[in-house]
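Colleague: requesting a structural model of the entry that follows:
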Amino acid sequence: MPSSVFALRRCLLVVRRPLLNQLLNKSTGLISNSGFARKKTILETGVIKVSVRTAKMPPVKENGIADLIDKYLQENKVVIFSKSFCPFCIRVKDLFKSINQEFTAVELDKRADGDNIQKELRSRTGLATVPSVFVAGNHVGGCDATHSAQRSGRLEALLNFRASQDQQEDGELDANYDYDLVVIGGGSGGLAASKEAALLGKKVAVCDYVKPTPIGTTWGLGGTCVNVGCIPKKLMHQSALIGKYLDDSHAFGWNTPDKVTHDWNKMVEKIQEHIKSLNWGYRVQLRDKKVDYINAYASFLDPHTLKTVDKRNKERIITARHVVIATGGRPRYPSIPGAKEYCITSDDIFSLPHSPGKTLCVGASYIALECAGFLKGLGLEVEVMVRSILLRGFDQQMAELIGKNMEEEGVKFSRGFVPIKVEKIEDGNPSEGKPPTLKVTSKHQESGEIREDMYNTVLFAIGRNACTDEIAADKAGIVLNPLNGKVIADEAERTNVKNIFAIGDVLDGKLELTPVAIQAGIQLSRRLYGGQVGLMDYINVPTTVFTPIEYGSVGFSEEAAIERFGADDIEIYHTSFTPLEYKLPKKGENVGYAKVICIKSLNERVVGLHYFGPNAGEVTQGFALGLKLNASKADLDNLVGIHPTTAEVLTTLRITKASGQDVLQKGC
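Modeller: Model (predicted):
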């Protein structure tokens, strides 16, 4: 790309989104600026001194508030928009003092334009209250969010975030590289980025290599979603639903046998056939778009140089102008005896060559609950061992509805227990369909009770680790979150190293969802090579948990909405409902539930939508557009529902939680 075109593209980025350059090479010292009156408080901690500045600028007209905020963020490493009397603001300031970090406090109660600043901050971040903390241009959040970032390591990583000089890339445009772009990772996001860059005329390579699981499971091109995630999960979920439809069929007049059986091996065979067709399809797509597929493990030698090692241990050195890290994550194992020796994860379950038999799912994540749900639906005995709450980070009312329904379906929940040892009692004969026998010793975290139970399969779903530990990120100078190994990047997915980007599950603080990675990858390539300026919007991304009764959501959970906007400014409309298809087989009344979360002061704008019922993904996908377009409760009320569907309940919500009225439905 000619340097003039590159310069124009970069200028467009800055004009469209001034925050893009906030993370690039900002000084940590005090900045000379006549607009700041420097009021310094010195906190003595050994030989270290902490400088605290209270920002004082003349009041700004409302149409200049956004520029004022940008100016604060661009010129200061840490900015706390605060009110001098607020105890939560004081707590945040004390936190930064305790780690000897200089910050600038903008005291809104002492400024004539304070209300306008807070209004703009709310529009920009969704946070209605103070403090509102920014570090290196990234919005960290309020008091609780900032303390959480400190505990998780994200705050430290953001404070250490540095980017190369702007002129670094300009000087490198004339360098000769093997590729314009190398993507590390052949998952959904990496493939999307590589194909889009190739369509824009760039020379591209994708490096992808799958390390086998402890029991030897491996797979082809396409990443987690295609091979060991979304695709096989949805197919096994569908298989379980079909079993339920067979149970219901008598009520609809079908003379189906009273007893039907499920063939695990047949299901796995068909699913794996489909996955292999997808693997081949991706390879064909890369070939057709002239993207080099390098089936080898890539690691950095420097910001522009990678070493690849294939399964025959053959090494190759390649160079690239830009590098995208799209390595995703892999399931985590606990550090207990027998975990890796005898247990499996979601990386193994979808190609397991025999029925799992009696299964223990350890964890409360959506992966744990989805696996437990479809295994139970396939007729197996299933137990879920939960350390604390279900679906951390999701709306907790909805999470408990899922747990209650799964228990009613026959899934056993052991709450408060954690496994401390796994032993193999019998080998079994998997080739003949007989799984092994495992003994799990577990301990209750509060009572100390010790249990010993027998299972055929133990599946761990206790979280995922970012795949960055072996890519030699340090040799390229890339900043990682020290606690989770994830890549720190700005709103343009750019790391602290100017030519290196990251997308997908490997990104710190972003959603771990396949469509998010795909969208981010496409938009990144268009910014780099197509002259576009659009950024990935990580707000209002819909998702669905495929439990026996599905749960779809978009926007804020109830807990997050209260934290962000304040309980007094929230109105929640909700209802229970009975899907029509549940009526004939008498599968229960009012098993479904829906709610929308609205902000009173924003004309009841809908900021959260939650649906628990059949076909949740299909329902939520459609309503998500409304939230993206800032729909209000009145917009939902004015929408004509399709009858008879479950989705139509979202157009007829009249009862608020605050009213305390009964939401049980008795009509059609």
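
Colleague: only C-alpha atoms for contact and neighbour calcs from this point on.
Modeller: OK.

Colleague: wouldn't residue 125 be in contact with residue 139 here?
Modeller: Yes. Using C-alpha atoms under 8 Å, residue 125 is in contact with residue 139, at 7.4 Å.

Colleague: mutual contacts of the two, please.
Modeller: Common neighbours of residue 125 and residue 139, counting by C-alpha atoms under 8 Å, 6 or more residues apart in numbering, are absent.

Colleague: what helices or strands is the helix or strand where residue 322 lies leaning on?
Modeller: Assigned by DSSP states H and E, residue 322 belongs to strand 315-325. Here strand 315-325 touches strand 179-184, strand 305-309, strand 500-502, going by 3 or more C-alpha pairs under 8 Å, 6 or more residues apart in numbering; DSSP states H and E.

Colleague: take the ones you listed and write them to a markdown table, including mean pLDDT.
Modeller: As requested, the helices and strands packed on strand 315-325 are exported to a markdown table (pLDDT from 0 to 100):
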| stretch | mean pLDDT |
| --- | --- |
| strand 179-184 | 98 |
| strand 305-309 | 98 |
| strand 500-502 | 98 |
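
Colleague: now these as TSV including mean neighbour count?
Modeller: TSV is the format used below for those (neighbours: other C-alpha atoms under 10 Å):
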stretch	mean neighbour count
strand 179-184	25
strand 305-309	20
strand 500-502	26
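
Colleague: so which of those is nearest residue 423?
Modeller: Among those, strand 305-309 comes nearest to residue 423, with 35.5 Å by C-alpha to C-alpha.

Colleague: tell me the strands beside the closest one, with direction?
Modeller: Its sheet considered, strand 305-309 pairs with strand 297-302 (antiparallel), strand 315-325 (antiparallel) by DSSP bridges.

Colleague: list of residues touching whichever strand or helix holds residue 622?
Modeller: Taking DSSP H and E as the criterion, residue 622 maps to helix 616-628. Contact with helix 616-628 is made by 540-544, 550-555, 606-608, 610-611, 647, as judged by C-alpha under 8 Å, 6+ apart.

Colleague: which of the residues you listed count as buried?
Modeller: Buried positions within the contacts of helix 616-628, assessed by neighbour count (16 or more other C-alpha atoms under 10 Å), are 540-544, 550-555, 606-608, 610-611, 647.

Colleague: which of these fall in strands?
Modeller: 543, 544, 551, 552, 553, 554, 555, 606, 607, 608, 610, 611 (DSSP state E).

Colleague: what pairs with the third one across the strands?
Modeller: Bridge pairing for residue 551 (DSSP bridges) gives the partners residue 545, residue 612.

Colleague: find me the pLDDT at it, would you?
Modeller: Looking at residue 551, its pLDDT reads 98.

Colleague: any idea of the mean pLDDT in stretch 586-597?
Modeller: On average, stretch 586-597 scores 95.

Colleague: ok, and the closest non-adjacent residue to residue 217?
Modeller: Spatial nearest neighbour of residue 217, chain neighbours left out: residue 348 (6.0 Å); criterion: C-alpha to C-alpha, 6 or more residues apart in numbering.

Colleague: quickly note the distance from the one you found to residue 219.
Modeller: Counting by C-alpha to C-alpha, to the nearest Å, the gap from residue 348 to residue 219 is 10 Å.

Colleague: nearest residue to the middle of this protein?
Modeller: Centroid check for the chain by C-alpha atoms, centre = their mean gives residue 511 as the closest residue, at 2.0 Å.

Colleague: surely that residue touches residue 538?
Modeller: Yes. Between residue 511 and residue 538 there is a contact under C-alpha under 8 Å: 7.4 Å.

Colleague: next, give phi and psi for the spatially closest residue to residue 381 that is not a sequence neighbour.
Modeller: Among residues not flanking residue 381 along the chain, residue 358 sits closest, at 4.8 Å (C-alpha to C-alpha, 6+ apart). Dihedral pair for residue 358: phi -70, psi 120, per degrees, to the nearest 10.

Colleague: residue 384 is in contact with residue 358, correct?
Modeller: No. The criterion here is C-alpha under 8 Å, and residue 358 misses it with residue 384 at 11.4 Å.

Colleague: who's more crowded, the two?
Modeller: Neighbour totals were compared for residue 358 and residue 384, and residue 384 leads with 25 against 20 (other C-alpha atoms under 10 Å).

Colleague: can you pull the contacts of that one?
Modeller: 360, 361, 362, 363, 364, 368, 369, 372, 411, 412, 413, 414.

Colleague: what about 10 Å?
Modeller: By C-alpha atoms under 10 Å, 6 or more residues apart in numbering, the contact set of residue 384 is 359-364, 368-369, 371-373, 403, 407, 411-415, 417, 459.

Colleague: among those residues, name the buried ones.
Modeller: 359-364, 368-369, 371-373, 403, 411-413, 415, 417, 459.

Colleague: so what's the residue nearest to the centre of the chain closest to, chain neighbours aside?
Modeller: Counting by C-alpha to C-alpha, 6+ apart, the residue nearest residue 511 is residue 505, at 6.9 Å.

Colleague: could you pull up phi and psi at residue 421?
Modeller: Residue torsions, per degrees, to the nearest 10, at residue 421 are phi -170, psi 140.

Colleague: next: residue 550.
Modeller: As for residue 550, its main-chain torsions (degrees, to the nearest 10) stand at phi -80, psi 160.

Colleague: so how far is residue 597 from it?
Modeller: Going from residue 550 to residue 597 by C-alpha to C-alpha gives 19 Å.

Colleague: for the protein, list the residue farthest from the centre, please.
Modeller: The outermost residue of the chain relative to its centre, with distances by C-alpha atoms, centre = their mean, is residue 255 at 44.8 Å.

Colleague: enumerate every residue touching that residue.
Modeller: 246, 249.

Colleague: pLDDT score assigned to it?
Modeller: 95.

Colleague: check which helix or strand covers it.
Modeller: Assigned by DSSP H and E, residue 255 belongs to neither a helix nor a strand.

Colleague: can you give me the helices in the stretch 51-200 of the chain?
Modeller: Secondary structure of the stretch 51-200 of the chain (DSSP state H, counting those that start in this stretch): helices at 65-75, 87-98, 114-125, 143-152, 154-159, 166-172, 188-199.

Colleague: just the ones you listed: most buried one?
Modeller: Among these, the stretch with the highest mean neighbour count (mean count of other C-alpha atoms under 10 Å) is helix 188-199, at a mean of 25.

Colleague: just checking, what packs against that helix?
Modeller: strand 179-184, strand 204-207, helix 223-228, helix 264-288, strand 315-325, helix 514-529 (3 or more C-alpha pairs under 10 Å, 6 or more residues apart in numbering; DSSP states H and E).

Colleague: now render those as a markdown table, adding distance to residue 190.
Modeller: Shown next, in a markdown table, are those (distance: least, C-alpha to C-alpha, whole Å):
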| stretch | distance to residue 190 |
| --- | --- |
| strand 179-184 | 6 |
| strand 204-207 | 8 |
| helix 223-228 | 9 |
| helix 264-288 | 11 |
| strand 315-325 | 8 |
| helix 514-529 | 7 |
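
Colleague: do you know which of the ones you listed lies nearest residue 572?
Modeller: helix 514-529 (27.5 Å).

Colleague: and the angle for that closest one with strand 315-325?
Modeller: Orientation of helix 514-529 against strand 315-325 (axes from the mean of the first three to the mean of the last three C-alpha atoms, to 10 degrees) gives an angle of 100 degrees.

Colleague: by how many degrees do helix 514-529 and helix 188-199 diverge?
Modeller: Using the same axes, to 10 degrees, helix 514-529 lies at 30 degrees relative to helix 188-199.

Colleague: now helix 514-529 and strand 179-184, what's the angle there?
Modeller: Going by the same axes, to 10 degrees, helix 514-529 makes 160 degrees with strand 179-184.

Colleague: tell me what helix 514-529 is packed against?
Modeller: Under the contact definition 3+ C-alpha pairs under 10 Å, 6+ apart, helix 514-529 sits against helix 3-16, strand 179-184, helix 188-199, helix 223-228, strand 315-325, strand 500-502.

Colleague: please repeat the previous calculation with a cut-off of 7 Å.
Modeller: Contact here means 3 or more C-alpha pairs under 7 Å, 6 or more residues apart in numbering; DSSP states H and E; on that basis helix 514-529 packs against helix 188-199.
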